[in-house]
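>>> coords below, sequence missing:
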């Protein structure tokens with residue numbers, strides 16, 4: 001009897017559906033003595049919203065943290081450019097761009113992702129005045145595997161010509177795999193953010209939403225990070241994320257695809273210890289997934305009885 005052939009796309013979809021089903025049935029974390037949930041116990045499904053993509057598990061998050069560990073692959077500054085025509089066009093590494101309003105926390109989040117102070121940060125809006133590229137995953141002196149782009153902020157303290165150059169880059173860069181649009185958790189989507197989302201849809205630029213500074217929603221103040229967050233604050237965050245879905249993936253949109261089917265949250269200011277920050281591991285995994293380093297590989301043919309036809313190679317997560 002022949003074994004049925006399951007194509008790669010179907011197998012991956014089945015795996016994703018199974019992971020989503022398991023995550024939706026997860027048992028809530030027990031609170032500590034103060035009636036709060038420790039931040040280190042929060043999972044991506046607790047503080048982010050996945051409705052069309054699988055939730056990364058512990059092994060995938062650990063792999064992402066290992067990939068970005070500075071001790072393993074030191075991040076390097078590759079180039080800076082204020083004009084699209086001055087950017088290096090010969091590189092082949094996949095790129096992901098970080099975009100958002102001025103002072104939304106792009107540079108701080110990138111520093112947390114890379115594990116080192118690579119980007120200039122300031123409380124004053126508009127400090128990033130050019131595109132800055134950083135290489136990740138390469139050996140010392142070797143080529144990088146992924147390029148992270150810190151783009152100038154739009155809105156307050158920005159310049160109109162920066163917006164023009166940014167859109168030129170996003171539309172014309174063949175190596176670009178995804179644009180991560182950062183939104184401040186404490187302010188939500190502004191009209192200028194919605195305008196940017198419209199442009200990303202119009203020009204079919206792959207994009208995803210990340211809510212920065214999520215500690216402002218989960219915590220009363222920085223001191224309370226040690227005691228944890230009330231379950232009511234987690235429920236409030238989940239409701240906020242669910243309300244964003246129809247905005248970033250509008251039904252009946254006239255042109256272009258909507259954002260990726262997940263909304264991540266992170267805080268570059270809330271340390272979990274051991275060089276980890278709240279939500280950053282999931283962002284790292286999203287970067288790897290966008291760049292094609294998400295661990296999906298070709299499986300070896302299964303060993304089956306000689307009287308049966310060989311099972312074709314399928315894709316399974318490593």
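In hand now; what should we look at? Predicted, not measured: the structure shown is a model, and the values here were computed from it.

>>> for residue 135, helix, strand, or coil?
strand (DSSP: H, G, I helix; E, B strand; the rest coil).

>>> That one and residue 176: what is the separation?
According to C-beta to C-beta, to the nearest Å, residue 135 and residue 176 sit 15 Å apart. C-betas here are computed from N, CA, C, even on glycine.

>>> Compare the two (neighbour count), which wins?
Between residue 135 and residue 176, residue 135 has the larger neighbour count (other C-beta atoms under 10 Å), namely 22 against 19.

>>> Make sure the more buried one is actually in contact with residue 76.
Yes: Residue 135 is in contact with residue 76 according to C-beta atoms under 8 Å; the separation is 4.8 Å.

>>> and for those two, which residues touch both?
Counting by C-beta atoms under 8 Å, 6 or more residues apart in numbering, the shared contacts of residue 135 and residue 76 are residue 144.

>>> is residue 276 in a bridge, and if so with what?
residue 273 (DSSP bridges).

>>> what's around residue 117, how many residues?
Residue 117 is flanked by 12 other residues according to other C-beta under 10 Å.

>>> For it, which non-adjacent residue is closest in space?
residue 111 (5.3 Å; C-beta to C-beta, 6 or more residues apart in numbering).

>>> Quick one: list the elements packing against the helix or strand containing the one you found.
Assigned by DSSP states H and E, residue 111 falls within helix 106-114. Packed against helix 106-114 by the contact rule (3 or more C-beta pairs under 8 Å, 6 or more residues apart in numbering; DSSP states H and E) you find strand 95-100, strand 131-136, strand 146-150, strand 207-212, helix 280-291.

>>> residues in contact with it?
Contacts of helix 106-114 (C-beta under 8 Å, 6+ apart): 68, 70, 75, 98-100, 117-121, 127-128, 134, 136, 148, 150-151, 153, 182, 210, 212, 266, 268-269, 277, 280, 283-284, 287.

>>> Point out where the stretch 151-300 of the chain drops to low pLDDT.
156-163, 253-254, 295-300 (pLDDT under 70).

>>> Now do the strands in it.
176-184, 207-212, 262-265, 271-273, 276-277, 296-298 (DSSP state E, counting those that start in this stretch).

>>> Now distance to residue 220 too, for those, in JSON lines please.
Putting the strands of the stretch 151-300 of the chain into JSON lines (distance: least, C-beta to C-beta, whole Å) gives the following:
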{"stretch": "strand 176-184", "distance to residue 220": "18"}
{"stretch": "strand 207-212", "distance to residue 220": "18"}
{"stretch": "strand 262-265", "distance to residue 220": "17"}
{"stretch": "strand 271-273", "distance to residue 220": "17"}
{"stretch": "strand 276-277", "distance to residue 220": "19"}
{"stretch": "strand 296-298", "distance to residue 220": "41"}
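
>>> what's the closest of the ones you listed to residue 221?
Nearest to residue 221 among the strands of the stretch 151-300 of the chain is strand 271-273; the distance by C-beta to C-beta comes to 15.0 Å.

>>> Can you give me the buried ones in that closest one?
For strand 271-273, the neighbour count (16 or more other C-beta atoms under 10 Å) marks 271-272 as buried.

>>> who touches it?
39-40, 277-278.

>>> Inside helices: which ones of these?
Among the contacts of strand 271-273, no member falls in helices (DSSP state H).

>>> Quickly name whichever of these is closest to residue 262.
residue 278 (16.7 Å).

>>> From what I see, that closest one and residue 266 are in contact.
Yes: under the criterion of C-beta under 8 Å, residue 278 makes contact with residue 266 at 6.3 Å.

>>> shared neighbours, these two?
residue 214.

>>> Can you classify the closest residue to residue 115 other than its chain neighbours by secondary structure?
In space, and not counting its chain neighbours, residue 115 is closest to residue 70: 4.2 Å by C-beta to C-beta, 6+ apart. Here residue 70 is recorded as coil under three-state DSSP.

>>> From residue 165, how far out is the spatially most central residue of the chain?
The centroid of the chain falls nearest to residue 283 when counting by C-alpha atoms, centre = their mean (3.5 Å). Here the criterion is C-beta to C-beta. By it, residue 283 lies 25 Å from residue 165.

>>> Likewise for residue 172?
For residue 172, the distance to residue 165 - C-beta to C-beta - is 11 Å.

>>> picking up where we left off before, who's more crowded, residue 278 and residue 266?
Set residue 278 next to residue 266 and count neighbours by other C-beta under 10 Å: residue 266 wins out with 29 against 25.
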